[in-house]
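Enquirer: structure of the sequence below:
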Amino acid sequence: MKPEQWRWRKVVLFLDGVFVIGIYFFIDIPSALQVEFVSDEVMRCHGNESMLTRACCETCLGLSSRRYSLLYATLYWGSAVLSLMSGCVIDRIGNRVSTVLFIILASLGCNLFALAGTPYLRNTSAMFPLMLTGRILLGFGNGPIRIVQNRVVSYWYAGDSYVAVGFVTLTRRLGAILNFAVTANIAVHFGFTWALFTGAMLCSCGILAVLAMVSLDFYGSKKLGLEKKRRHGHHSSVNRKIDCGGLVALAITTLSIPSLLMLAYCPNIPPVILTFTLGIIQLCIVTINGKITIDLVPQSVFGTVSGISLCVTRILMGLVNLAVGFIIQSTDEVDQKAYQKALLLMTAISTLAVSFGIILNILDIRNGDGVNQRFVRTKCMKHADTDDREGLLSEDIKQS
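Expert: Residues are numbered from 1 along each chain as shown. Predicted coordinates:
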């Protein structure tokens, strides 16, 4: 029996996606509560009313835009550092031990961050360092977990990984969507502290899903007799054809450029629509890239390759977040102009990504390395037809 014939693999996929909902819920809590994080002492309870809530702001943390951006920058840099080192480790110790280790690390980071927001530490000298420590630990867990998730998919869904990768990516976005839908309401009705610990508890619940997934994964591998093959790098889809994933990813990435420009300069278009569009673009790109990685990279070095890729991505994301914080805080113009500058920076990065994508796709089609197999097959068919015609012509000449 092959992995794709085992009926419980769908449950493994479900748990592989669900256990990260709490992590991505917690990652964007600072965005959902941005007013409370960024508002300064003037907006606290010193006889003044909050300009945004029209009420006394007891929970405002007074972080500057740079410090607020640093919460995301440290998350991505922590993720980048450990992703680079953990990729090879994951290939050696396997999916099960890695998943348990990194979900515990991420949960620890979430709880430390929530603890820093309690009334006992809020607005003290220890608050921000503890928050940064929590974000770094969350990044340490989040980056490698993405590698393990895709590695699980590459093992159980090697032949039909588009749907599996799409589901895992969708659950990550689901955590962020759930955060923006409920966190602010929790803060209003139950308090700022409860909003933070709700995310921390949700992240900690992921440990239960991981334990269930690990148990099923062990049972399935043992039942199918594939444990030995897994340890020696079994991978059934290295040469699987993936048509033209590179060109599709390039086309979708190109759509982000007009979307960002419209978000910056077209106030008549609802920002929700454009933000939703950018989210769909990101979902498609991540799914296609995950599929390509699964199809081209052997299981034995999957973690190492994914770790290098994720490390570069997270370093760039951290730098972008830090740059956006500097742009917003250093500008003397109105907020709209500052955000327009930040969106222009993102547009420039997207344009650079499209340029590199064009070069890579041209090289791939010329070399026939596997990302755009549809064009490689077409080229081979043309060469085959030409060779057949030349062969028939030479036979006719000989007979005459």
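Enquirer: all the helices of the stretch 51-200 of the chain, residue numbers only.
Expert: With DSSP state H, counting those that start in this stretch as the criterion, the stretch 51-200 of the chain has helices at 65-93, 95-116, 127-156, 161-190, 192-224.
Enquirer: mind listing what's buried along the second one?
Expert: Within helix 95-116, the residues that qualify as buried by neighbour count (16 or more other CB atoms under 10 Å) are 95-96, 98-103, 105-116. From N, CA and C alone the C-beta is placed, and that goes for glycine too.
Enquirer: picking that back up, who wins for proximity to F26 among the helices of the stretch 51-200 of the chain?
Expert: Evaluated over the helices of the stretch 51-200 of the chain, closeness to F26 peaks at helix 192-224, with 3.9 Å, by CB to CB.
Enquirer: quick one: work out the angle between that closest one and helix 127-156.
Expert: The directions of helix 192-224 and helix 127-156 differ by 20 degrees, with axes from the mean of the first three to the mean of the last three CA atoms, to 10 degrees as the criterion.
Enquirer: what's the closest of the helices of the stretch 51-200 of the chain to S350?
Expert: Among the helices of the stretch 51-200 of the chain, the nearest to S350 by CB to CB is helix 65-93 (17.6 Å).
Enquirer: would you mark the buried spots in that closest one?
Expert: 65, 67-84, 86-87, 89-91.
Enquirer: give me the domain ranges for this protein.
Expert: Recorded structural domains for the chain (assignment: automatic domain parsing) are 8-238, 240-296+331-400.
Enquirer: please identify the most buried of those domains.
Expert: With neighbours defined by mean count of other CB atoms under 10 Å, none of those is more surrounded on average than domain 8-238, at a mean of 19.
Enquirer: check the offset of it from the chain's centre.
Expert: The gap between where domain 8-238 is centred and where its chain is centred comes out at 11 Å by CA atoms, centre = their mean, to the nearest Å.
Enquirer: returning to that earlier point: ok, which of the helices of the stretch 51-200 of the chain comes nearest V354?
Expert: Comparing the helices of the stretch 51-200 of the chain by their distance to V354 (CB to CB), the top pick is helix 161-190, with 21.0 Å.
Enquirer: now do the closest one, average pLDDT.
Expert: Helix 161-190 shows a mean pLDDT of 87.
Enquirer: hang on, L178 packs against I23?
Expert: No: with contact defined as CB atoms under 8 Å, L178 does not reach I23; the gap is 11.8 Å.
Enquirer: so, low pLDDT: which residues of this structure?
Expert: 1-5, 39-59, 159-160, 225-243, 330-335, 368-370, 373-400 (pLDDT under 70).
Enquirer: list the contacts for L137?
Expert: By CB atoms under 8 Å, 6 or more residues apart in numbering, the contact list for L137 reads 78, 105-106, 108-109, 112.
Enquirer: excluding chain neighbours, what is closest to it?
Expert: Setting aside the residues directly before and after it, L137 is nearest to G109 in space (CB to CB, 6 or more residues apart in numbering), at 3.0 Å.
Enquirer: what distance do you get for that neighbour to A176?
Expert: With distances defined as CB to CB, to the nearest Å, the gap from G109 to A176 amounts to 17 Å.
Enquirer: orientation of the one helix or strand I365 maps to relative to helix 65-93 in degrees?
Expert: Using DSSP states H and E, I365 sits in helix 335-367. Computed with the same axes, to 10 degrees, the direction of helix 335-367 lies at 30 degrees from that of helix 65-93.
Enquirer: and which of the contacts of L137 is nearest to A187?
Expert: Of all those, the one sitting nearest A187 is L112; the distance, using CB to CB, is 19.2 Å.
Enquirer: and W8, how far from F218?
Expert: Between W8 and F218 the distance is 12 Å, computed by CB to CB.
Enquirer: which ones are touching I186?
Expert: So, once contact is read as CB under 8 Å, 6+ apart, I186 ends up touching 194-195, 198.
Enquirer: reformat those as CSV; add distance to S350.
Expert: Formatted as CSV, the entries for these read as follows, by distance: CB to CB, whole Å:
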residue, distance to S350
W194, 38
A195, 33
T198, 34
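Enquirer: which among those residues gets closest to F167?
Expert: Distances from F167 to the contacts of I186, taken as CB to CB, are shortest for T198 (24.7 Å).
Enquirer: so S125 versus I23, what's the distance?
Expert: 28 Å.
Enquirer: swap in P271?
Expert: Between P271 and I23 the distance, using CB to CB, works out to 26 Å.
Enquirer: got a list of what the residue lying closest to I103 once chain neighbours are set aside touches?
Expert: If the residues on either side of it in the chain are set aside, I103 comes closest to V210, at 4.8 Å by CB to CB, 6+ apart. For V210, the set of contacting residues under the criterion of CB under 8 Å, 6+ apart consists of 15, 19, 99-100, 103.
Enquirer: 7 Å instead?
Expert: Residues counted as contacts of V210 (CB atoms under 7 Å, 6 or more residues apart in numbering) are 19, 99-100, 103.
Enquirer: which of these sit farthest apart?
Expert: Spanning the widest gap among these are F19 and V100, at 10.4 Å by CB to CB.
Enquirer: and of the contacts of I186, the nearest to V188?
Expert: For these, the minimum distance to V188 (CB to CB) is 8.8 Å, reached by A195.
Enquirer: the closest one contacts A187, doesn't it?
Expert: Yes: under the criterion of CB atoms under 7 Å, A195 is in contact with A187, at a separation of 4.0 Å.
Enquirer: overlap in contacts of these two?
Expert: Overlap between the neighbourhoods of A195 and A187 consists of L33, taking contacts as CB under 7 Å, 6+ apart.
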